[in-house]
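A.B. asks: I need the structure of the sequence given here:
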Amino acid sequence: MLSKIYGSAVLGIEAVTITVEVYIDQGVNFYLVGLPDNAVKESSYRIAAALKNVGYRFPNRKITVNMAPADLRKEGSAYDLTIAMGVLQASEQIKAPTIGSYVIMGELSLDGSLQPIKGALPITMKAKEDGFKGVILPIQNSMEAALVEGINVYGVRNIKEVIEFFEGIIEIEPTTIDVALSLGVLAKDSMELDYKDVKGQNIVKRCMEVAAAGGHNILLIGPPGSGKTMIAKRLPSILPPMSVEEALETTKIHSVVGKVKDLSLMKNRPFRSPHHTASSVSLVGGGSYPQPGEISLAHNGVLFLDELPEFKREVLEVMRQPLEDREVTIARARFTITYPSSFMLVASMNPSPNGYFNDADSSRTTSKADMDRYLGKISGPLLDRIDMHVEVSPLPFESLSKAALAENSDSIKKRVVAARLIQSLRFENYKGIHYNAQLNTSLLRKYCVLDSESLELLKMAMTKLNLSGRAYDRILKVARTIADLEASETIQSHHIGEAIQYRSLDREGWLY
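C.D. replies: Predicted coordinates for the structure are as follows:
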């Protein structure tokens, strides 16, 4: 007898519906076709043990399992439950006339219980898109899958529950979640890290406020102990809360790699901080069977690269295109996958190899050759893509010993949210543009018009600092954000002046 069961394969961050056809004929053997990997090929052993332990049998017949489309590689153990239900129906051990209306996925243990799978969210989205009545998944994935409205999600503990559900012996209540309410409640959670803990450094905190308000990339430059890492790690505490669309998109990416926490909607913007030994593949994604890298896991959040010059130059260079296009494309011989990567890059570095170059109070010195070699690890084109270069100076004892707390993150966040609201309203008719850092050339010319005084100031800076065309655009974007923080319709000369000050590495004489 022939049976058809439906599962799903995850390709990139999107899912593809898979038809699992099971045919039982005379003879003795088990054939699994349709480009399965080793984990899928091993499923027959798990299925046989699981069926026996719940009171059913694995037919001692010739079983052919075809996974269509046959030219798409099937990976992982999540097809165990799909194939097992197909075998039971094809061998007429169960009668399940409605089984074709559901997408069924799950990894089987030998006792028949189910283990969680990766990619439950994109699988459910695809099932809804293809018109299925519902999805059946391990109960550990049910909260995550229930984020998709308009389709029934059934979380099950073992294969016995699935069998009895289709035979009408038991009823299973669909898992439901109010996505908007969940996001609203989660957004009220207080952050553990707060800018009130950072003493002094008011200028640097102002820079972080501007960066957060416009989604700008920022580089912090200062000696050890000046507070660069402490300041960077508190950036998420002033970022605006994610919208429902952003939360679902972010959760979807983390679902593919099995990193969804709390088994539901991601509650905070991601903050990724890879070690400087990271490889190019771990940063941008890829591999034999491509997975999202750190820049995609930081989508809608922050990617923090501590001690930037310690990263290998070739690793940093692969970020140039994603920083510009806000997506990364992984090309292989048989397929091409595109991952979203719209993130804020926050990097930190010492001003010299020993950390104290150009510090009059330090006895340590660094030669010009050492400095050239150290800064040569970071290319000019990469620095051009970082909107703001900010110096972080060490604090004197008097500032460190003050008992008074600084302005807290909630106060700063209110100003950031107000500025982001102005930008979202401004760009509401432009697809993919939500804040100033995403402005393209045509929109830059439309919304960053300068008066004569501002234009003359910028011209002087461009000439004196020998800035590139990309640096020119970055200054305009940052100036637009500074104006938005003041709720100013136009960019004024003092906005341009402040934005120019945030290009430390472009200033003549900064090093020597």
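
A.B. asks: identify the bridge partners of Val390.
C.D. replies: The partner list for Val390 in beta bridges (DSSP bridges) reads Leu220.

A.B. asks: i'd like the first residue to be 7 from this point on
C.D. replies: From this message on, residue numbering opens at 7, which makes the last subject Val396.

A.B. asks: contacting residues for it?
C.D. replies: Contact analysis of Val396 by Cβ atoms under 8 Å, 6 or more residues apart in numbering lists 209-210, 213, 224-227, 508, 510. Where you see a C-beta, it was placed from the backbone N, CA and C, and this is true even at glycine.

A.B. asks: can you show me the helices along the stretch 257-406 of the chain?
C.D. replies: Taking DSSP state H, counting those that start in this stretch as the criterion, the stretch 257-406 of the chain contains helices spanning 286-290, 300-303, 319-323, 326-331, 374-381, 386-390, 403-406.

A.B. asks: out of these, flag the one nearest Thr257.
C.D. replies: helix 300-303 (11.5 Å; Cβ to Cβ).

A.B. asks: contacts for that closest one?
C.D. replies: So helix 300-303 is contacted by 259-260, 263, 265, 276, 278, 280, 284, 288-291, 309, 325, 328, 334, 345-347, 349 (Cβ under 8 Å, 6+ apart).

A.B. asks: follow-up on the earlier one: please name whichever of the helices of the stretch 257-406 of the chain is nearest to Asp203.
C.D. replies: Nearest of those (Cβ to Cβ): helix 403-406, 12.3 Å.

A.B. asks: how about low-confidence regions in the protein?
C.D. replies: 185-197, 267-270, 339, 360-374, 403-410, 512-518 (pLDDT under 70).

A.B. asks: domains in it, by residue range?
C.D. replies: As given by automatic domain parsing, the domain ranges for the chain are 8-172, 195-423.

A.B. asks: re the thing from before, which among the contacts of helix 300-303 end up buried?
C.D. replies: 259-260, 263, 276, 278, 280, 288-291, 309, 325, 328, 334, 345-347, 349 (16 or more other Cβ atoms under 10 Å).

A.B. asks: and the helices in the stretch 107-256 of the chain, which stretches?
C.D. replies: So, for the stretch 107-256 of the chain - with DSSP H, counting those that start in this stretch - the helices run 126-135, 148-151, 165-172, 185-193, 208-220, 234-239, 250-262.

A.B. asks: can I get the first one as PDB, trimmed to CA atoms?
C.D. replies: Listed in PDB are the C-alpha atoms of helix 126-135, where the atom choice follows Å, rounded to 0.1, in the frame of the first residue of the first chain:
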ATOM      1  CA  ALA A 126      10.000  24.900  14.000                       C
ATOM      2  CA  LEU A 127       9.000  28.500  13.300                       C
ATOM      3  CA  PRO A 128       9.900  28.600   9.500                       C
ATOM      4  CA  ILE A 129       8.300  25.100   9.100                       C
ATOM      5  CA  THR A 130       5.000  26.400  10.600                       C
ATOM      6  CA  MET A 131       5.100  29.500   8.500                       C
ATOM      7  CA  LYS A 132       5.500  27.400   5.300                       C
ATOM      8  CA  ALA A 133       2.700  25.000   6.400                       C
ATOM      9  CA  LYS A 134       0.400  28.000   6.800                       C
ATOM     10  CA  GLU A 135       1.400  29.400   3.400                       C
END
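
A.B. asks: what's the offset of that helix from the middle of its chain?
C.D. replies: Here helix 126-135 is found 19 Å from its chain centre; the criterion is Cα atoms, centre = their mean, to the nearest Å.

A.B. asks: ok, back up a step: for Ala425, which of the helices of the stretch 257-406 of the chain is the nearest?
C.D. replies: Of all those, helix 326-331 comes closest under Cβ to Cβ, at 21.8 Å.

A.B. asks: on that earlier part again, pick the one among the contacts of Val396 closest to Lys419.
C.D. replies: Nearest member of these to Lys419, counting by Cβ to Cβ, is Cys213, at 15.6 Å.

A.B. asks: report the contact partners of the closest one.
C.D. replies: Counted by Cβ under 8 Å, 6+ apart, Cys213 has contacts 224, 394, 396, 508.

A.B. asks: and with 6 Å instead?
C.D. replies: Val396 (Cβ atoms under 6 Å, 6 or more residues apart in numbering).

A.B. asks: how much space separates it from Ala219?
C.D. replies: In this structure, Cys213 and Ala219 are 11 Å apart, going by Cβ to Cβ, to the nearest Å.

A.B. asks: endpoint to endpoint, stretch 463-480 covers what distance?
C.D. replies: For stretch 463-480, the first-to-last residue distance is 15 Å (Cα to Cα, to the nearest Å).

A.B. asks: could the helices of the stretch 257-406 of the chain go into JSON lines alongside distance to Ser249?
C.D. replies: Listed next are the helices of the stretch 257-406 of the chain as JSON lines, based on distance: least, Cβ to Cβ, whole Å:
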{"stretch": "helix 286-290", "distance to Ser249": "26"}
{"stretch": "helix 300-303", "distance to Ser249": "19"}
{"stretch": "helix 319-323", "distance to Ser249": "31"}
{"stretch": "helix 326-331", "distance to Ser249": "22"}
{"stretch": "helix 374-381", "distance to Ser249": "39"}
{"stretch": "helix 386-390", "distance to Ser249": "30"}
{"stretch": "helix 403-406", "distance to Ser249": "38"}
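
A.B. asks: buried deepest among those, which one?
C.D. replies: helix 300-303 (a mean of 26; mean count of other Cβ atoms under 10 Å).

A.B. asks: I'd like the distance from it to the chain centre, please.
C.D. replies: Distance, centroid of helix 300-303 to centroid of chain: 5 Å (Cα atoms, centre = their mean).

A.B. asks: contacting residues for Glu251?
C.D. replies: So Glu251 contacts nothing (Cβ under 6 Å, 6+ apart).

A.B. asks: that one and Thr344, how far apart?
C.D. replies: 18 Å.

A.B. asks: now Arg163
C.D. replies: 36 Å.

A.B. asks: same deal with Arg509?
C.D. replies: Taking Cβ to Cβ, one finds Arg509 at 32 Å from Thr344.
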